[in-house]
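Q: Only the shape, not the letters, is given here:
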DNA sequence: TTGAAAGCGATACCAC
DNA sequence: GTGGTATCGCTTTCAA
């Protein structure tokens, strides 16, 4: 790796001048600029970002914190962040927190030691104060916040849509599965659906669950059919839970969507690959990631943003676990 | 962020001494060590990794290159890498290459500008020479290599197992789907299966495909059943392709595994969530990631490794797209 | 328009 | 045992 010093010598100028052409700052004569560029080319030089970072006390690195990259909801978000950041020449250091506060703090700490210039966090665990004390800009993703910038989907509306669509398609005895209550996004979905269900004339049953895990969900699904065997419509707390319900329905000989309709949340890639393909309320995960990245970049550039909290719309993805609706309705 | 200078002043010693206690190098009196630690505590000091990196010309960052994190095979690998690296206090910068040589080069370049101390690459695209010229250690993951260290699963054996198991379970007219031929791992699976099929007394049909994409796979699956409608067993090139075959089987009214058996490859998390759950040849992805990380760390520490190429075993995961085998067989 | 030099925050050599 | 200081590679005054 060549250094700026070597380039300077090769070009017969000082390092200051090389720095100027590198950063396009200050005056530099056209001829010397050419000479410097020639030297750069010849030596195949590219600046040491570490040295830059040390001097400027900020790097081109941003930290990305997520609960678990193997959870199928997160890769799309992460990819959105990455693609947008790449456009602006930022690189990503990431950490899986497993919703463990210690890991989270630890990562934040080491990220800062590496001069990350900003942080995007998808975790729901840590007390907000930990973030408030941070000296670098933070954006929350898939998480709401009043004090800090955030990007999330309209869960409330998602819940409403899910309930409306399943009612419109004829379910009369609906099960509403309530996700983990420590997640605001899960609570929102629930509230939205509850609102519509309450003011409609269908029967419904609320089932509380404490995780999004598939194995747990399988047990709950069994439970559900035992306790409420004649349910003919399920609004699941997310696509993984919906998948478990779908399995249990099939296993118990129900036909979908004739006997029972199922709607999930998120639209993870897996959902389209089920059989029958899952109808679901889609969160625009990739776009959310991009949006979070954009917001963070604005913070970094000190652009005051009016919209510190960006809520993205959700959409109903009609696949095969819901009935076709009469065109005239 | 406090600096070493401030700590030194607070403890009434020189920066050299602080550095010694930080790194546990050289002599330092017990009392002064305590004083320094007290100051560190008081100021909540943690060393600036950027400054360290600049001086030592190596960081605690490693670069991770993968084709696409939204492809469900990669998160598990990435997680394995991350978990193992975390144990050794390394952090990860990652990049999605989309198998695009330009992106790949670009990432490698910027990784180096950030003094990454090693690189793990899961891409299959770039000419090996690009890696040979690198001054930092590299480990290939899910990719074979003769000259550079690598970690991969035993695809050949996987192919053999798949063929044996499907034959053992009674398929007589087997379809073997050959994956993208530019992937060594795909070629190996194919070869292994072909070997067993050839020397057995079943009929078989080889179908060539050029990607692992689900949408393409759906078309091929339709094709398959048109051309070879009486096939009663499919060895897919991976789980995504197997999923498409499964869909098409169900859609065409075949029952699984009675009319047709299906075996996939990889055992991505999605596969267990299908209905019926997919039988597949499992690659120990998480463990492969960990192994790659360990191997890289050994390179970094200059430990000469005899085993530069680590091949991990695959296993048959028997779920419900294959028939139960007679216990006495 | 250009160069000399200070300094970013650490480490490590060399004195003492 | 401890401290002074050159150094890592770059940016940015300040003078010339």
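A: Cool, got the structure. Keep in mind that what you see is a predicted model, and the values were worked out from it rather than measured. Residues are numbered from 1 along each chain as shown, chains lettered A, B, ... in the order given.

Q: Where do the helices of chain A begin and end?
A: Assigned by DSSP state H, the helices in chain A fall at A:4-11, A:15-23, A:30-43, A:49-56, A:74-87, A:101-113, A:128-132, A:155-168, A:184-198, A:214-227, A:239-251, A:269-272, A:285-300.

Q: So which elements touch the first one?
A: Where contact means 3 or more C-beta pairs under 8 Å, 6 or more residues apart in numbering or on different chains; DSSP states H and E, helix A:4-11 is packed against helix A:15-23, helix A:30-43. Yep, even glycine has a C-beta here, placed from its N, CA and C like the rest.

Q: Do any residues in it lie close to DNA strand D?
A: Yes. Under the criterion of C-beta under 7 Å from any atom of the strand, DNA strand D is reached by helix A:4-11 at A:4, A:5.

Q: can you pull the pLDDT of the residue of the stretch 51-200 of chain A found nearest DNA strand C?
A: Residue of the stretch 51-200 of chain A nearest DNA strand C, by C-beta to the nearest atom of the strand: residue A:55 (3.4 Å). Looking at residue A:55, its pLDDT is 98.

Q: Count the residues that sit near it.
A: 10 (other C-beta atoms under 10 Å in any protein chain shown).

Q: State the number of residues packed around the residue nearest to residue A:70 when sequence neighbours are not counted.
A: Spatial nearest neighbour of residue A:70, chain neighbours left out: residue B:75 (4.5 Å); criterion: C-beta to C-beta, 6 or more residues apart in numbering or on different chains. Neighbour count for residue B:75, taken as other C-beta under 10 Å: 26.

Q: Enumerate every residue touching residue B:75.
A: Applying C-beta atoms under 8 Å, 6 or more residues apart in numbering or on different chains, we find residue B:75 in contact with A:69, A:70, A:72, A:74, A:75, B:69.

Q: which of those has the most neighbours?
A: For the contacts of residue B:75, neighbours tallied by other C-beta under 10 Å; top is residue A:75, 26 neighbours.

Q: Distance check, it against residue B:230.
A: Note on residue A:75: its distance to residue B:230, by C-beta to C-beta, to the nearest Å, is 39 Å.

Q: Likewise for residue A:322?
A: Look at residue A:322 and residue B:230: by C-beta to C-beta, they are 35 Å apart.

Q: Which one of those two is surrounded by more residues?
A: Shown here are residue A:322 and residue B:230; by other C-beta under 10 Å, residue A:322 has more neighbours (26 against 10).

Q: mind listing what that one touches?
A: A:165, A:166, A:169, A:257, A:261, A:262, A:263, A:279.

Q: quick one: which of those sit in strands?
A: Among the contacts of residue A:322, the members found in strands (DSSP state E) are A:261, A:262, A:263, A:279.

Q: Drop anything exposed from those.
A: For the ones in strands among the contacts of residue A:322, a neighbour count by 16 or more other C-beta atoms under 10 Å in any protein chain shown gives the buried set as A:261, A:262, A:263, A:279.

Q: Flag the shaky bits of chain A, pLDDT-wise.
A: For chain A, applying pLDDT under 70 flags the ranges A:126-128, A:304-307, A:326-329.

Q: try 90
A: Scanning chain A for pLDDT under 90 picks out A:1, A:26, A:123-134, A:144-148, A:182, A:210-213, A:302-308, A:325-329.

Q: center of it, which residue is that?
A: Nearest to the geometric centre of chain A sits residue A:77, at 3.7 Å (C-alpha atoms, centre = their mean).

Q: ok, that one touching residue A:139?
A: No. Counting by C-beta atoms under 8 Å, residue A:77 does not reach residue A:139; the two are 11.8 Å apart.

Q: Can you check which residues contact both of the two?
A: Joint contacts of residue A:77 and residue A:139 (C-beta under 8 Å, 6+ apart) are residue A:292.

Q: So which bits of chain A are right by DNA strand D?
A: When proximity is defined by C-beta under 7 Å from any atom of the strand, chain A lies next to DNA strand D at A:1, A:3-5, A:15-16, A:19-20, A:22-23, A:25-26, A:45, A:47-48, A:51-52, A:54-56.

Q: go again using 6 Å as the cut-off
A: For chain A, the residues in contact with DNA strand D (C-beta under 6 Å from any atom of the strand) are A:3-4, A:15-16, A:19-20, A:22-23, A:25, A:47-48, A:51-52, A:54-56.

Q: Any idea how many residues pack against the residue nearest to residue A:247 when sequence neighbours are not counted?
A: Leaving aside its sequence neighbours, residue A:247 sits nearest to residue B:275 (C-beta to C-beta, 6+ apart; 5.2 Å). When neighbours are counted by other C-beta under 10 Å, residue B:275 registers 19.

Q: what residues are up against residue B:275?
A: Each residue near residue B:275 by C-beta under 8 Å, 6+ apart is listed here: A:246, A:247, A:250, A:251, A:274, A:275.

Q: Filter those down to the buried ones, PyMOL style.
A: Buried residues among the contacts of residue B:275 (16+ other C-beta under 10 Å), as a PyMOL selection:
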select buried, chain A and resi 246+247+250+274+275
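
Q: Out of the contacts of residue B:275, flag the one nearest to DNA strand D.
A: Of all the contacts of residue B:275, DNA strand D sits closest to residue A:274, with 51.2 Å by C-beta to the nearest atom of the strand.

Q: Pretty sure that closest one sits against residue B:277.
A: No. Counting by C-beta under 8 Å, residue A:274 does not reach residue B:277; the two are 11.6 Å apart.

Q: and the helices of chain A as TSV, adding distance to residue B:37?
A: Output for those, formatted as TSV (distance: least, C-beta to C-beta, whole Å):
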stretch	distance to residue B:37
helix A:4-11	38
helix A:15-23	39
helix A:30-43	45
helix A:49-56	25
helix A:74-87	38
helix A:101-113	17
helix A:128-132	24
helix A:155-168	47
helix A:184-198	41
helix A:214-227	45
helix A:239-251	47
helix A:269-272	50
helix A:285-300	35
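
Q: which one of those helices is the most hemmed in?
A: The highest mean neighbour count among the helices of chain A, using mean count of other C-beta atoms under 10 Å in any protein chain shown, belongs to helix A:239-251: a mean of 24.

Q: Would you check how far apart residue A:31 and DNA strand C are?
A: Taking C-beta to the nearest atom of the strand, to the nearest Å as the criterion, residue A:31 is separated from DNA strand C by 6 Å.

Q: Can you get me a residue count around residue A:254?
A: Residue A:254 - counted by other C-beta under 10 Å - has 17 other residues nearby.

Q: phi, psi of it?
A: When read as degrees, to the nearest 10, the backbone of residue A:254 gives phi -80, psi 150.

Q: Could you report the distance from the closest residue to residue A:313 other than its chain neighbours to residue A:281?
A: Once flanking residues are discounted, residue A:313 sits nearest to residue A:154: 5.7 Å by C-beta to C-beta, 6+ apart. Distance of residue A:154 to residue A:281, computed by C-beta to C-beta: 10 Å.

Q: next one: residue A:63
A: 30 Å.

Q: okay, those two: which has more neighbours?
A: Neighbours around residue A:63 and residue A:281, counted as other C-beta under 10 Å, are more numerous at residue A:281. The numbers are 30 against 23.

Q: Just give the nearest non-adjacent residue to the more buried one, would you?
A: residue A:158 (4.3 Å).

Q: wait, isn't the one you found in contact with residue A:192?
A: Yes. If you go by C-beta under 8 Å, residue A:158 and residue A:192 touch, sitting 6.2 Å apart.

Q: still on that earlier bit, pretty sure the residue nearest to residue A:313 is touching residue A:315, no?
A: No. Between residue A:154 and residue A:315 there is no contact under C-beta under 8 Å: 10.1 Å.

Q: Between the two, which has more neighbouring residues?
A: Per other C-beta under 10 Å, whichever of residue A:154 and residue A:315 has more neighbours is residue A:154, with 19 against 16.

Q: how near is that one to residue A:160?
A: Noted for residue A:154: a distance of 9 Å to residue A:160, by C-beta to C-beta.

Q: so who does the residue nearest to the centre of chain A touch?
A: Shown in contact with residue A:77 (C-beta under 8 Å, 6+ apart): A:66, A:122, A:141, A:142, A:285, A:286, A:288, A:289, A:292.
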